[in-house]
Each structure stands twice: as C-alpha cells, then as structure tokens.
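K.L.:
Whatever this is, show me its structure:
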Amino acid sequence: MAQAPMIAVPLKATNEIDWISPLKSYIQNTYGDDPERYAEECAAINRLRQDMRGAGKDSTAGRDLLYRYYGQLELLDLRFPVDEQHIKISFTWFDAFTHKPTSQHSLAFEKASIIFNISAVLSCHAAHQTRTEESGLKTAYHSFQASAGMFTYINENFLHAPSADLSRETVKTLINIMLAQAQEVFLEKQITDQKKVGLLAKLASQAATLYGQAAEGVQDNVNRAIFEKVWLQMVQAKYNLMTSMAQYFQALADDDANSHGMAIARLQVAEALARDANKISHSFPGTLPPNANLNADAPYILQEITKRHWVAVQDKLRELNKDNDFIYHQPVPAEAGVPPVAKLPAAKPIPVSELYAGQDISRITGPDLFAKIVPLAVTESASLYDEEKAKLVRAETERVDQANSEMAASLDYLRLPGALQVLKGGFDQEILPDEDFRTWCVDVADHENPGTIFDSLHGQKQAIMTVLDRSAKQLDMEESVCEKMRSKYDSEWTQQPSSRLTTTLRSDIRGYREALDEAARSDQQLFTKLRQNQNEFDEMRLAAETGEVDALFQRAVNKGRKASNTNSPSTEPNLLDADFDDGGPSVVEQIAKVEDILKKLNLIKRERTQVLKDLKEKAHNDDISQILILNKKSIVKHEQQLFQQELEKFRPYQTRLVQATHKQAAMMRELTLTFNNLLQDKRVRAEQSKYESIQRTRASVIGRYKRAYQEFLDLEAGLQSAKNWYKEMRETVESMEKNVDTFVNNRRSEGAQLLNQIEQARAASKSSQAALEQERLRGLMERMSMEQPPSPPKQSRPVPAPLTFNTGPAYHKSSYSSGQHTLPSSPPPTQTTYGHHQQQSSQSGFNTIYNPSSHGRIPGPASPPATQSTFNLGGHMRGPASPPPNQTSFGHNTYGNPNAPPQGYQQPPPQQQQQAGGGGYVPPNFVPPPPPPGPPPLGPQQMINYGDGYYNPNAPPRPGSASQHQHQHQQQQQHQLYQGQVGYPNPNQGGGAGQDPWAGLNAWK
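P.N.:
Predicted structure coming up:
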C-alpha cells in the first residue's frame, strides 16, 4: 500500500560573499591583533558558507552542515558585530517561494535564512522517508517535529522579516503543516499497530484540527501568490480525510458501546467528508509546478487513499443500517446533533536545544574558530557558574569532614581500636610510640651535639678575651712610654697625654668584657639546661641513629609500669583463654563483632572519600562555555535556571554522600551498644584498671620526652643565638683591635717626630756656644792686626807650614755672618774618647810643637750684650708645642700613614739639614790658642790655609772623619727608635713584664 504524500518546504538560495577581508580588518582595528594570526579561521568560516550553499535537501549531512555554519555564526556574533556600522557585509537571499532577492547587512538575516533552510531540509528528509519501515516512520515523525521547532525558533527570535517566506504568518502556517504531518505519521503507526478505535479517533481529530489551521494560512498565502495552489488542495484534502477518519473510528467506538444510532450518524458525516476529499484529490493539475516540491504521483496516491477510505466508510454504513433496521431500531440523530470527536495531541515542536539531545554538540558545530578571542559576557557567565560549583563542592566537603570528625570523636571516646588490643593482650607484646615521638628522636639526632657547640663557644670566648687583653696591653704600653718620655724631657715633651685620647677605646674594652661576663652567665644557664636533660637527649639521639626508636619507647613504658607496681602480663590470664560458659556470647565473639563493625565503618569512610574525590574531579572538568554560547540569547533572564539545570549532574554524588552519612550514624549506634555490652561483661571489667594503667604510663612517657624535646629545641635556639653573638662579638673586637693598632702607630710616629725636633734643638744649643767662642777669637785676631807690619825684605823667606794642635781636632773656618750654626752630634754609644780626631790630626803636615801657655792667659768667651737675655737660636730650633687644654688629640690625622709629619711641622731647608748634620766636631767651651809668631796675619780678602785644603762650611765631612761617623750613627738611631726596635715593643712579639721598653736609648742619657 502506498504511503500518503507529504509536503516538503523548499530551500532558500543565496549568493556568494567574502568573510575574510572584513573580519581581518575588524580584528586589526578593534582588537589590535595581527589579522594574519587568524587567516586560517577566516578562511574556514568562508569555506563553511560555500559548502552550506550546496547542502543536500534530504540528508542528515546537509542538516549538520547547515547547523555547523549556524553554530559558527552564533559564536561569531559574540565577538564580531556584523551590521552596517561595524562589519558591513551584504547578505543576499532569495525567497523560497517567490524567488525574489533580498539583501541586508544584518547577521540576524543570515542566521534566520540558515535556520529556515535547516527546517526545510528536515521537512524534505521526513517527507522522503519510507514509513512502512519502523525506522523510517520514527525518523519522519521526529524530523517533522524538529522542522516545526526550527520554524518556531524563527518566529520567537527574529522580528521584522525582510522577505515573505520569513514573515510570521507564513512561518506559522508552515509550523501547522509540519505538526499536522507529524500527527498523521503517528496515526499511521497506531493504525498499523491496531490500537483501540477510540484512541485512533482522537489522534485523527487532532490531525484534522491542525490541517484545518494550516488550510487557513495556506489560503492566505495562495491569495498573496506566495504558495502554490496545489498546497491548498493538498491541505484541504488531508483536512477532509482526517476529519472523516475521526468520525469513522468514533462510529466504530460508538457501535461497540451500543450507540448504534449515533454510530450511523457519524458514518454518514464521514461518508460526506470522504467524498469531498476524494473529489479534491481529483482536482490536482496534471503537471505539478516545480516549486510545489511534491512528487509527480502525489495526486494519484492521494486519490487512491481517499477512495479506499470512502469505500470502507460506505461498507460500514450499510452494515450498521441493516443491523439497526432489523435488530436495534435506534433513532439516527441529524448531522447537527453529532458531537465533535475529542482530540489527543501527539506532536509538538522540538526546541533547538533538544534537536541534538544526547549528542556532542561540539562535534556537530565543530570547534570555536575564534576561541582565542574570548567574549567578556561568556567569561562572566562561566565565572558565575564556577562559583556555584565551588559552593556545592565546599558544602559537600564540609559535610564529609564533619562526618569524619564525628566518627573519630566517637571512636576516641570509646578508646577504639586500642581497647581491643588490650582485651586481646596486644599491648603486652608490643607498645608502639606515636609518630610524633619518632619525629622528635630523628630531629634530635639531626641537630649538632650541644656539647660540641659549648666547646666551640668556649674557644671563641677565649679568643675574644685574648684580643681584648692584647689591645689593653698595647694601650697601657703606649701610655707608659709617653709618660716616661715626658718625665725625661719635662716641658720639651709636648705630646698630649694618652689618657684623654684612649677614653673611648678603654670604655669599649670594658663594655666588651662586661658583655662577655653577661654572655658567660647565659651560657651557664644553657649548660645547666643541658645537664638536666642530658640523659634524654643521649637516649633519643642514640635511638634515632641505631633505628631503635620503638625499642626505646617500649623500654621507657615497661620501666614506668614496673615503677608503678603494675603486675607483669605473664602473671595474668588472657581474656581469650578465661572465657566462662554463662550462656551469653563469649568475649572472643563480642570482640570479633566490634572489629567487624569497625571494618564496616572504615569502608564507609573510604567510600565517602572516594565519592567526594569523584565529585571534585567532575566539577573541575565541567565546562559549560559551549552551552552558554549556544544559549546566549535565552540566558539573559534565565541564567540561574540554566545553572541549576547544569548542577543537577552532580546530584547523584550528593545523594551517595548523604546515604554514607546516614549509614555511618546507624553503624556508630550499633558499635556503641555492642562495645558497652562488652565492657559490662564481668570478665572484662577486671581489665579496666590494667588498660588505664598502661594508658597513664604511656601518656607519662610521652609527656616526659615531649618536655625533653621542647627543652632541646629551646637549648638549640639559645646555642644558635650564642654562636651568632660570639661571631659578631669577635668581628667587633677584631675591628676594635685594628683601631687600637692604628692609634698606637700614629702615636709612635708623632712621638718620633717630636723626639727628633727635641734632639735637633739641643744640638743647635751646643753649637751656638762654639760659635760664640769663634766670634771672640775673630775679634782678638782683628785687634792684633790693627797695626800694619813693615814690608818684608825682598830676600826670599820660607813660609811656615800650618800649625797642628795635638790637643784637639782641626777647626775649619766658619762664616759668622750667615746666622747658621753647625750642630754637633754625640759620638756613638760604643765610643767614649775622641781618638779618631787625634788620629786625623796626627796625619797633618805640622811637625812643630806649639805651647799656648807661653803666650800668657787666654781670655774666655764674651758674654752677650746686656739687652740680650738669651743666646739667639734660630727659629727653626723650637720644639713642638702641646695642644691647648681643650683639645684631646692632635689635629693632624695620620691614619693610614704612620710616617707622615704632624700638622704644623715644616721640614727644614736642605741647606740647614746639610749644615746640621755635616759640620766638624767642636768641643764645648773650647778656647782656641793665639797664633804663633811669624809673618803677619793675612788680609781679610785672603784665606787661611790649614793643612791640605781650604775650609768650606757647606762641604760634607771627609770620609773617615769623626763627623761622618757621628752623622751616620745619629740618623741610624732616629730611624730605629720608632720602627719598633727602640722604645715600643713589637705587638707581634708580646711584651713581658721583665723587658725594658727603654732598651737601646742609653745614648740619650
């Protein structure tokens, strides 16, 4: 039997457009990104539209292709506003019925056209199914409803249709046609399955109603030249056919209900409607228009179906009339008195969200081409949903934690499972420590031994004391030398006393000593703490190093139990062996029951933990971004409803957690009852004291080692602080020692320069006395030459050689007008006589012995004038002046250069230095003898010839002379004095009490 023809909606056609250039331009101008990064995505969206234009009319592949393009348009709309102001693309579509072109720049027009084609493809797919097969019938039934759902989406979401095929009236008519055909397909299935005639009548009545509503819309569209007239004929024929079938099946139902007269009346109505349907089916044109989208044999099939039904109605009507005339004699009501048949809807529009129910929507639409450009609205909605998930997970986690805490608290109150070990004798064999105890022992072993640290601290303390003693000794030695020099030279030693300058250094040394004393008292307190807990520290360290922590704990517990006079376990019978048959369950059975309940509780806890883990994992992997994108338009006002629907996927996990909690509560009640019964057993009560004693001993041991560990931590912290303190103190003391060394070196340099000035001043004083004697001699010689002697005879007379004085060294001529005086030097310490000068005199060319006593008394040196109170010494001979009383140190800073001269000291000129160190030796208070008789004295313009040369006051001493030896020895003494060889001891050599700091200065005395 041929199946009834169905109406299929034609597809809209469109022109080709370009997506690539406008999208790239918008990405560059609006998002500021490189458009070439999205070249592949732009090409993909462009290729999708090209493929959509050739989608098949009657295949699921064509439907999926259209839906994929539509899905990408929805995703595109979230990021790119396609309109006349932003991305301006002209979309041109042709009307599905009139083929008139319509162009707009709105993306909504593009999407509405795509959805229209999806609906058209669904209708074509359903109309071409073979409904004689069950799979084909189901596909047709679903596709007609889906097509109605897509048409409904157009009417609900797209207003102001630019073309006739998208107008609300046209789309509503198409919805009624699709639903009427779906109802008809369902009726065919029920007729095939031979359902009750009452049900069939209701289904046919609903189909007739839908066709009647569609007929009105089709009539309007035909009048506006939108639909073909054949669609109106098809819908009217279907309407009459479905109405006739409804009256026919209801007549059969009335006949079965003994309403024979009503059944005859319904059949009369059905016959008239069947006749009209058959008449309309014969009015189809011979050739169907191509836009009707109907098969060429559709009119003939419809004629056959209506004819067959008309004949069936006529046969049934004759049968019932015959039976009523001969048997029932019921009156037949008029047509106006026939009530309408009840309706039963079996078809409804399938929403877009349910079109792919049970399928992966991302597989149909494909990946989001522009996923790298995330729309802010979707991100915000996803964040809100994530917060809802987090609230759910937190609430379930709190419930699980609370259930675990309640179980742990109950077991701890019942002292389970430890009490069972006591009852079974388990504690008598092995007593294991807490994990904290093992941690304490390992931590003690990992730290450095406090005894070693104390030894290190003692060594550092001794080193600091040595530095302080050495610094103090240097300051004392420097002060002692300074005061000895002051007592020796009296007012000439103008160096400022050290006591004023070393106040800060000595105060620092005293402060450091006091700090060391205070640190020693703190060290003693730490050492006392170590001595008090030494045994526990050693036991814990040894146990951790040898891996015998458990053995140490057991020994401590056993020792505590013996101390408390607890009986040995071996002297008491085991409860498992001391059962008495009193008619009740034995102790072993009761313990086994308690253990079984504990196992079940542990299983409940593990199951609950696993369910919570699965819930967290599912919540973490749950992503509804695609759902939010697909429902972007509909979730504006229904966001929370969507969230609640999505959160329902976690409901099974929540239910399992609640069930586990209830089951745990029931098991805990059973455990409490069973264990209390066990404790009330007379064989068990005797063990209570034993268990409590063990627990007290164990707690005592734990407390003792916990206190010891805390003391160890305090001790370690104190020792670390002490190590840091001694390290910093040593650095501070060493820095102070450097300051002391710098100060002492500066004082030595300052003293050396002052001593040099004092010695030069004294030498100059001695030289001035000799200069006065020479002045007196010159005056005497001038008086002697006042009268000019007669001219010598012309005969030649030998000139006598220069005189040689055996009583002293030869004197050179001095210039009295220069104001400079030669500074005599003391002989070396090893020389006590002037034999060197005598030897030099003996080598002269004088052989005549001169006796000055034969010339009478030699007058002494002349005194200075009455107006002169002192001998006129040069200004450079003054010693250094002391600083004023309000100055505590010399203003000139010589740090870093111990040999630098003090501020205000001026170096004497080279000529003065040469004269000060290079003149001949003149004994003090020496009076030269008068000249011998002979030729008259030489004139002032002539020079006196003594020996082999002339006297030059600026000439250096002759090699080998006493003056040269004295000059070299004086420079050597001054150099050695403040280089650490004379006076100040070497700090590196120490300084014993028996060493004389003034060794080597005998030449100054």
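K.L.:
Dump stretch 743-751 to CSV, keeping only the CA atoms.
P.N.:
Provided in CSV are the C-alpha atoms of stretch 743-751 (Å, rounded to 0.1, in the frame of the first residue of the first chain):
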residue,chain,number,x,y,z
PHE,A,743,96.1,54.7,67.2
VAL,A,744,99.3,53.3,68.7
ASN,A,745,101.1,53.6,65.3
ASN,A,746,100.0,57.2,64.9
ARG,A,747,101.2,58.0,68.4
ARG,A,748,104.6,56.4,67.7
SER,A,749,105.0,58.4,64.5
GLU,A,750,104.0,61.6,66.3
GLY,A,751,106.5,60.8,69.2
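K.L.:
how far does it sit from the chain's center?
P.N.:
In terms of Cα atoms, centre = their mean, to the nearest Å, the centre of stretch 743-751 is found 56 Å from the chain centre.
K.L.:
ditto for stretch 390-406
P.N.:
Per Cα atoms, centre = their mean, the centroid offset for stretch 390-406 relative to its chain is 30 Å.
K.L.:
Can you point out the buried residues in that stretch?
P.N.:
Residues 392-393, 396, 399-400, 403 are the ones in stretch 390-406 that count as buried (16 or more other Cβ atoms under 10 Å). Yep, even glycine has a C-beta here, placed from its N, CA and C like the rest.
K.L.:
From Y300, how far out is the nearest residue to L137 once chain neighbours are set aside?
P.N.:
Distance criterion Cβ to Cβ, 6 or more residues apart in numbering; nearest residue to L137, sequence neighbours excluded, is R131 at 4.4 Å. Look at R131 and Y300: by Cβ to Cβ, to the nearest Å, they are 18 Å apart.
K.L.:
neighbour count winner among these two?
P.N.:
The neighbour count for R131 versus Y300, taken as other Cβ atoms under 10 Å, is higher for R131 (22 against 15).
K.L.:
Is the more buried one in a helix, a strand, or coil?
P.N.:
coil (DSSP: H, G, I helix; E, B strand; the rest coil).
K.L.:
What backbone torsions are found at it?
P.N.:
As for R131, its main-chain torsions (degrees, to the nearest 10) stand at phi -80, psi -10.
K.L.:
For it, give me its contacts.
P.N.:
By Cβ atoms under 8 Å, 6 or more residues apart in numbering, the contact set of R131 is 3, 137, 140, 185, 188.
K.L.:
For PyMOL, write a command that selects the buried ones of these.
P.N.:
Entered in PyMOL, the line below selects the buried ones among the contacts of R131, by 16+ other Cβ under 10 Å:
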select buried, resi 3+137+140+185+188
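K.L.:
Sort out which one of the contacts of R131 lies nearest L65 for me.
P.N.:
Nearest to L65 among the contacts of R131 is A140, at 20.8 Å by Cβ to Cβ.
K.L.:
Against R513, how distant is L468?
P.N.:
6 Å.
K.L.:
my bad, S25
P.N.:
Taking Cβ to Cβ, one finds S25 at 86 Å from R513.
K.L.:
quick one, which of those two is more surrounded?
P.N.:
The residue with more neighbours, out of S25 and R513 and counting by other Cβ under 10 Å, is R513; that gives 15 against 12.
K.L.:
Which helix or which strand is home to the residue nearest the centre of the chain?
P.N.:
Geometric centre of the chain, nearest residue: H620, 23.9 Å, by Cα atoms, centre = their mean. Secondary-structure assignment from DSSP states H and E places H620 in helix 587-621.
K.L.:
Mind listing what's buried along that helix?
P.N.:
Buried-residue list, helix 587-621, by 16+ other Cβ under 10 Å: 587, 590-591, 593-594, 597-598, 601, 604-605, 608, 611-612, 615, 619.
K.L.:
I'd assumed P367 was in a strand, is it?
P.N.:
No - checked against three-state DSSP, P367 lies outside a strand; its state is coil.
K.L.:
Need phi/psi at it.
P.N.:
Torsion angles, degrees, to the nearest 10, at P367: phi -70, psi 150.
K.L.:
and what of T92?
P.N.:
phi -110, psi 120.
K.L.:
Could you tell me how far it is located from V9?
P.N.:
From T92 to V9 the distance is 20 Å (Cβ to Cβ).
K.L.:
what about the two, which has more around it?
P.N.:
Per other Cβ under 10 Å, whichever of T92 and V9 has more neighbours is V9, with 24 against 15.
K.L.:
how far away is the more buried one from V352?
P.N.:
In this view, V9 and V352 are 17 Å apart by Cβ to Cβ.
K.L.:
Kindly report the same for A520.
P.N.:
89 Å.
K.L.:
Which of these two has more residues huddled nearby?
P.N.:
Neighbour tally, A520 and V352, criterion other Cβ under 10 Å: the higher count belongs to V352, 21 against 12.
K.L.:
Helices of the stretch 351-500 of the chain, residue ranges please.
P.N.:
For the stretch 351-500 of the chain, applying DSSP state H, counting those that start in this stretch gives helices covering 361-365, 376-414, 418-423, 426-429, 435-446, 450-489, 498-501.
K.L.:
can you redo these as JSON lines with mean pLDDT and distance to R266?
P.N.:
Formatted as JSON lines, those follow (pLDDT from 0 to 100; distance: least, Cβ to Cβ, whole Å):
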{"stretch": "helix 361-365", "mean pLDDT": "75", "distance to R266": "48"}
{"stretch": "helix 376-414", "mean pLDDT": "89", "distance to R266": "57"}
{"stretch": "helix 418-423", "mean pLDDT": "74", "distance to R266": "84"}
{"stretch": "helix 426-429", "mean pLDDT": "47", "distance to R266": "90"}
{"stretch": "helix 435-446", "mean pLDDT": "84", "distance to R266": "90"}
{"stretch": "helix 450-489", "mean pLDDT": "90", "distance to R266": "112"}
{"stretch": "helix 498-501", "mean pLDDT": "86", "distance to R266": "138"}
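K.L.:
Reformat these as TSV; add distance to L203.
P.N.:
Below are the helices of the stretch 351-500 of the chain laid out as TSV (distance: least, Cβ to Cβ, whole Å):
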stretch	distance to L203
helix 361-365	33
helix 376-414	42
helix 418-423	71
helix 426-429	77
helix 435-446	75
helix 450-489	97
helix 498-501	124
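K.L.:
was I right about L754 contacting Q495?
P.N.:
Yes - L754 is in contact with Q495 according to Cβ atoms under 8 Å; the separation is 5.6 Å.
K.L.:
Dihedrals phi and psi, T102?
P.N.:
phi -140, psi 130.
K.L.:
any idea how far R606 is from it?
P.N.:
67 Å.
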